[in-house]
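[1] here's my sequence, what's the structure:
(one chain, ligands or ions: 2)
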Amino acid sequence: MSVLRRIAVERLTREAFEPFGDVIDTHGPAPLLINQGRTERFHRLAGIECLGHGARAILSIFRGQPLLPLEIHMMERHPLGSQAFVPMNGGDFLAVVAPPGDFNETEVRAFWARGGQGVNYRPGTWHAPLLPLAADSDYLVVDRAGPGVNCDEVLLNTPIQPVLPEEGS
Ligand SMILES: NC(=O)N[C@@H](O)C(=O)O
Ligand code: NI
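    Numbering: from 1, shown residues only. Ligands and ions are numbered 1, 2, ... in the order given. Below you'll find the predicted structure:
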């Protein structure tokens, strides 16, 4: 039975997530009215970065399943590009992250993306691979394709168990 380190899952806000990337939702700056007022444009919620010669942004759909038991043993980063996850059927998920740079597992934090929130990891942000909370959750993913190695992985010395807040708390 391996030792686990429990960490509390935090509410996903722009301010709290700033060291790791962007939050994609409609609770930030006021939208622009376009299309003769019929459309609200929530403008430039995130920047897509694709570094290196021949790099380009691509769109994919990830259909994810929950990680059970919820124990994080490995994290990864994409040094050459950002990576955005936006739920397509509203699926809540966890963004378990650590700041870019040398990995320090004491700096790992967990955020609850809920009610349709998405995230955009900036290049180099350490994160756990997609962690949906419900089965068959679809996410639109915007990330980088191109030459070079764009995925570094690290094993945690002490696996992490994100702990969701009590219902209604
Ligand atoms: N491997 C892959 O494309 N997905 C991961 O990068 C992830 O963050 O889920
Ligand atoms: Ni990734």
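[2] neighbouring contacts of stretch 86-94?
    9, 24, 61, 64, 70, 85, 110-118, 128, 130-134, 137-142, 162 (CB atoms under 8 Å, 6 or more residues apart in numbering). (C-beta placed from N, C-alpha, C; glycine too.)
[3] go again using 6 Å as the cut-off
    With contact meaning CB atoms under 6 Å, 6 or more residues apart in numbering, stretch 86-94 is reached by 24, 110, 113-114, 116, 118, 131-134, 137-140, 162.
[4] what's the closest of those residues to residue 74?
    Among the contacts of stretch 86-94, residue 131 lies closest to residue 74 (CB to CB), at 12.0 Å.
[5] for ligand 1, what are the nearby residues on the chain?
    Residues of the chain lying close to ligand 1 by CB under 6 Å from any ligand atom are 76, 83, 127, 129, 130.
[6] tabulate those in JSON lines, adding columns for distance to residue 89 and neighbour count.
    Below are the residues of the chain next to ligand 1 laid out as JSON lines (distance: CB to CB, whole Å; neighbours: other CB atoms under 10 Å):
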{"residue": "76", "distance to residue 89": "25", "neighbour count": "17"}
{"residue": "83", "distance to residue 89": "20", "neighbour count": "24"}
{"residue": "127", "distance to residue 89": "21", "neighbour count": "23"}
{"residue": "129", "distance to residue 89": "19", "neighbour count": "14"}
{"residue": "130", "distance to residue 89": "14", "neighbour count": "20"}
